[in-house]
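# please work out how this folds:
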Amino acid sequence: MSRCASHYSISQFIYRVLQDSGLKRSQFITSLGYRNVTGGLRSLDRWLDGGEGDPVLIDRLIQVYRVDPGALHAALVETEAQHQVEHDEEVHRREQWERQNFHQYVFVETPSGAVRSSFTVAAIVAPALKTIRLPEGLGAKPESEQIQHVTDLIRAHFNEHGGKLSLFGDIIGYRFVNTYRASHCCPVKHFANSAKPFVINRIGGVRPKNDLN
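This is a model prediction of the structure:
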């Protein structure tokens, strides 16, 4: 159980009220009108640990301890800003990790909503069926060589599977994800049943996810 407060502004604010009351934690919760002391303590700990929780506790602080509503509101606003900063930092850390561990791949595209099995089964096999891993050193080669390698690969994949992907239906295209934020797409109509060379179109933006569609 929490005995002090985290760095969040609202946590520090509530902790000061608790300290100024001179009461034990359970007594403090009772003074706020909680009949279920255990539940009240859980609510208090959420506020003290994470800077968020049941708004009822906040309302009762104002009613029972006559805390300054303006100061309380300011603490809540600052805490929200603290949470946002931490969220942004976590997103940045995650993206940096993904960039550092990124490996080129080809994503097999199928019609949306065409899953022909249970959602659970599809979720398990989707990465294996819809993602084609590429050689480690391919990204170091000139883009023209990368495109040629992928061109040969997706034509062979399409022919090998007869234009259909187990559990997901018809293959409607492929997407060569060559960098963390860019990819090239090739709709099936560009090469199906044709021995002629075809072009893979460059597309910027977020890479596709290994979803179930």
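
# I'd say His149 and Pro142 touch.
No. Counting by C-beta atoms under 8 Å, His149 does not reach Pro142; the two are 10.8 Å apart. In short, each C-beta sits where N, CA and C put it, glycine included.

# by residue count, tell me the biggest helix in the chain.
Criterion DSSP state H: the longest helix present in the chain is helix 69-100.

# give me the domain ranges for the protein.
The chain breaks down into these domains under automatic domain parsing: 9-98, 103-204.

# quick check: phi and psi on the closest residue to Leu18 other than its chain neighbours?
Of all residues beyond its chain neighbours, the one nearest Leu18 is Phe28 (5.4 Å), with distances taken as C-beta to C-beta, 6 or more residues apart in numbering. Here is the backbone geometry of Phe28 (degrees, to the nearest 10): phi -60, psi -40.

# look up how far Asp59 lies from Glu80.
When C-beta to C-beta, to the nearest Å is applied, the distance between Glu80 and Asp59 equals 18 Å.

# centroid-wise, who is the farthest residue in this protein?
Of all residues in the chain, Gly22 sits farthest from the chain's C-alpha centroid, using C-alpha atoms, centre = their mean; the distance is 43.0 Å.

# and that one, what is it in contact with?
With contacts taken as C-beta atoms under 8 Å, 6 or more residues apart in numbering, Gly22 has no neighbouring residues.

# ok, now Tyr15?
Cys4, Ala5, Leu48.

# residues touching the second one, list them.
Applying C-beta under 8 Å, 6+ apart, we find Ala5 in contact with Ser11, Gln12, Ile14, Tyr15, Leu48.

# okay if I get those residues as a markdown table plus secondary structure and distance to Leu72?
What follows is the contacts of Ala5, written out as a markdown table (DSSP: H, G, I helix; E, B strand; the rest coil; distance: C-beta to C-beta, whole Å):
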| residue | secondary structure | distance to Leu72 |
| --- | --- | --- |
| Ser11 | helix | 12 |
| Gln12 | helix | 12 |
| Ile14 | helix | 9 |
| Tyr15 | helix | 13 |
| Leu48 | helix | 15 |
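
# possible to save those residues as JSON lines with distance to Thr38?
Below are the contacts of Ala5 laid out as JSON lines (distance: C-beta to C-beta, whole Å):
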{"residue": "Ser11", "distance to Thr38": "20"}
{"residue": "Gln12", "distance to Thr38": "24"}
{"residue": "Ile14", "distance to Thr38": "18"}
{"residue": "Tyr15", "distance to Thr38": "20"}
{"residue": "Leu48", "distance to Thr38": "16"}
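
# widest-spaced pair of these?
Greatest spatial distance in those: Gln12 and Leu48, 9.0 Å, computed using C-beta to C-beta.

# so between the two, which is more surrounded?
Per other C-beta atoms under 10 Å, whichever of Gln12 and Leu48 has more neighbours is Leu48, with 23 against 17.

# and that one, what's its pLDDT?
What the model reports for Leu48 is a pLDDT of 97.

# tell me how far the residue nearest to the spatial centre of the chain lies from Gln12.
Closest to where the C-alpha atoms of the chain average out (C-alpha atoms, centre = their mean) is Val91, at 8.4 Å. Shown here: Val91 relative to Gln12, a distance of 26 Å by C-beta to C-beta.
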